[in-house]
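Enquirer: Sharing a model prediction with you, sequence too.
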Amino acid sequence: MIPLSDSVASQRRPLVTQALIAACVLVFLYELTLRGVALDRFIERWGAVPRSVLLALAGDPRVPRSELLTLVTSQFLHAGFLHLGGNMLFLWVFGRAVEDRLGHVVYLVFYVLAGALAALARCWVAGASSTVPLIGASGAIAGVLGLYFVTYPTAWVRVLAPILFFFWTFDLPAVLVLAFWFLTQFVNGVSAITRASSATDAGVAVWAHVAGFLLGALAGKLLPAAGFSGSRARASRLGPPRRADGPGPARLVSSVANLLALLLVVRLAVRFLGLATARSPLAALAIPIVGVTNPLVEPFAEFVPAVRIGPSVLEVYTLVAIVLVYVLAAFLGQLVVRRKA
């Protein structure tokens with residue numbers, strides 16, 4: 001799931017979040033100007049090399065203490081467009097509300113510290129024998145996600161998800177999205193250890209995410225909120241203020257209805273064309289869709305007949321199910337709107 005926006009309305013302009021994104025983009029553009037050995041040296045110099053960091057932390061005279069600064073500088077380096085784009089998208093969606101909650105200065109200190117501690121956790125998991133530089137802002141951003149998780153439990157997030165060869169947007173509770181993200185990272189980390197592959201970059205990175213998220217969740221319980229105006233302070237006690245066009249439960253009802261209608265339309269087509277058979281070239285797609293939608297249409301098949309058109313059969317009861325899906329969605333949508341009002 002790719003987050004697109006959240007429902008929290010911010011009082012402050014997210015200056016620090018914007019500056020962090022700009023810094024990461026500028027550093028990445030500089031990386032693109034380097035080639036071969038020059039790029040490798042740049043990453044090795046400013047990335048967090050586990051062996052160097054751990055030896056510097058232990059006071060080894062062979063390694064300068066300045067190596068510890070790479071726990072911070074590594075946060076601004078990225079390995080590719082997807083690495084940078086994914087991190088910056090998560091930072092933009094969730095960082096604005098966290099910056100609004102903490103204030104600019106505290107947010108910046110929290111971000112850098114969470115990233116440094118997460119990078120240190122990555123180094124510790126990799127071990128003193130590892131010389132592979134660790135880079136990326138994901139540890140710091142995981143801290144932002146953890147703080148968001150405990151600070152805005154009633155917020156909603158609009159996500160993009162691939163379904164049936166299409167991308168669909170859904171509005172989901174933020175706690176559900178972030179809990180799923182954290183659980184995925186934790187399971188991947190445990191899996192890496194059981195495969196004795198925790199020293200790989202992927203295995204190391206997920207434990208940095210886990211550490212950053214837990215640090216952020218703890219900070220969310222300990223750090224005080226920045227001062228708000230009187231009206232904003234009173235509103236905050238009732239939950240986070242929502243953007244008028246932001247994600248919410250009404251949009252979730254609409255998205256689910258559209259998805260169910262799509263599945264029913266596909267079912268209608270494959271059944272009419274006779275594609276829901278084992279010998280069909282689309283059997284791998286058609287048969288599961290028919291199976292999933294059977295509980296939705298079978299009640300109507302009892303009293304609504306199918307119509308035979310030549311060699312094909314038109315499931316009229318599936319058309320009835322499509323109509324009722326939208327009727328029910330409209331009813332539930334109105335209930336949600338009235339409840340919010």
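Expert: Thanks, I have it. Residues are numbered from 1 along each chain as shown.
Enquirer: where along the protein do the helices fall?
Expert: Taking DSSP state H, the helices of the chain run over residues 15-32, 36-46, 50-57, 70-73, 81-102, 104-126, 138-151, 174-194, 201-222, 230-236, 249-272, 283-301, 316-340.
Enquirer: and the last one, what other elements does it pack with?
Expert: Put plainly, it is helix 316-340. helix 249-272, helix 283-301 (3 or more C-beta pairs under 8 Å, 6 or more residues apart in numbering; DSSP states H and E). The way it works is simple: take the backbone N, C-alpha and C, and place the C-beta from them, glycine included.
Enquirer: could those helices be laid out in TSV, adding mean pLDDT, mean neighbour count and distance to Arg51?
Expert: As requested, the helices and strands packed on helix 316-340 are exported to TSV (pLDDT from 0 to 100; neighbours: other C-beta atoms under 10 Å; distance: least, C-beta to C-beta, whole Å):
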stretch	mean pLDDT	mean neighbour count	distance to Arg51
helix 249-272	82	19	48
helix 283-301	85	15	48
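Enquirer: can you redo those as CSV with distance to Arg12?
Expert: Below are the helices and strands packed on helix 316-340 laid out as CSV (distance: least, C-beta to C-beta, whole Å):
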stretch, distance to Arg12
helix 249-272, 26
helix 283-301, 45
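Enquirer: who's sitting farthest from the centroid in the protein?
Expert: Most distant residue from the mean C-alpha position of the chain: Gly310, 48.8 Å away (C-alpha atoms, centre = their mean).
Enquirer: and the gap between that one and Gly274?
Expert: Going from Gly310 to Gly274 by C-beta to C-beta, to the nearest Å gives 11 Å.
Enquirer: again, but for Ala219
Expert: Where Gly274 is concerned, Ala219 sits at a distance of 59 Å (C-beta to C-beta).
Enquirer: of those two, who's got more company?
Expert: Comparing Ala219 with Gly274 by other C-beta atoms under 10 Å, the one with more neighbours is Ala219, at 21 against 13.
Enquirer: Skipping adjacent residues, who's closest to that one in space?
Expert: Leu147 (5.5 Å; C-beta to C-beta, 6 or more residues apart in numbering).
Enquirer: Compute the number of surrounding residues for Val125.
Expert: Counted with other C-beta under 10 Å, residues neighbouring Val125 total 23.
Enquirer: can you check Arg279 too?
Expert: 7.
Enquirer: Local confidence estimate at it?
Expert: With respect to pLDDT, Arg279 has a value of 77.
Enquirer: now do Val337
Expert: So Val337 comes in at 60 (pLDDT).
Enquirer: Likewise for Ala199?
Expert: In this model, Ala199 carries a pLDDT of 42.
Enquirer: Next up, the contacts around Glu44.
Expert: For Glu44, the contacting residues are Pro133, by C-beta atoms under 8 Å, 6 or more residues apart in numbering.
Enquirer: I meant to write Ala56 there.
Expert: Contacts of Ala56 were listed using C-beta under 8 Å, 6+ apart, and they are 63-68.
Enquirer: Any chance of a ChimeraX selection covering the buried ones in the residues you listed?
Expert: Restricted to buried positions by 16 or more other C-beta atoms under 10 Å, the ChimeraX selection for the contacts of Ala56 reads:
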select :63,67,68
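Enquirer: any idea which of the contacts of Ala56 is closest to Pro295?
Expert: Nearest to Pro295 out of those is Leu68 (C-beta to C-beta; 58.3 Å).
Enquirer: Just to check, the closest one is in contact with Val53?
Expert: Yes. Counting by C-beta atoms under 8 Å, Leu68 does reach Val53; the two are 6.5 Å apart.
Enquirer: So which of the helices of the chain is the most surrounded?
Expert: Among the helices of the chain, helix 138-151 has the highest mean neighbour count (mean count of other C-beta atoms under 10 Å), at a mean of 27.
Enquirer: lowest confidence element among the helices and strands of the chain?
Expert: Least confident helix or strand of the chain, by mean pLDDT, DSSP states H and E, is helix 230-236 with a mean of 43.
Enquirer: For Arg96, see how far away the residue lying closest to Val150 once chain neighbours are set aside is.
Expert: The shortest distance from Val150 to any non-neighbouring residue, by C-beta to C-beta, 6+ apart, is to Gly220 (3.8 Å). Going from Gly220 to Arg96 by C-beta to C-beta gives 15 Å.
Enquirer: Could you tell me the model confidence score at Ala137?
Expert: Reported pLDDT for Ala137: 90.
Enquirer: tell me the contacts of it?
Expert: By C-beta under 8 Å, 6+ apart, Ala137 lies in contact with 20, 24, 75-76, 78, 87-88, 91, 115.
Enquirer: between these, which is nearest Ile135?
Expert: For the contacts of Ala137, the nearest to Ile135 is His78 (6.5 Å; C-beta to C-beta).
Enquirer: Relative to Gly136, how far out is the closest one?
Expert: For His78 relative to Gly136 (C-beta to C-beta), the value is 6 Å.
Enquirer: So those two - more neighbours on which side?
Expert: Higher neighbour count among His78 and Gly136: Gly136, with 27 against 22, using other C-beta under 10 Å.
Enquirer: measure the more buried one to His104 for me?
Expert: Gly136 is 23 Å from His104, where distance means C-beta to C-beta.
Enquirer: Also Thr73?
Expert: For Thr73, the distance to His104 (C-beta to C-beta) stands at 21 Å.
Enquirer: what does Val98 give?
Expert: From Val98 to His104 the distance is 11 Å (C-beta to C-beta).
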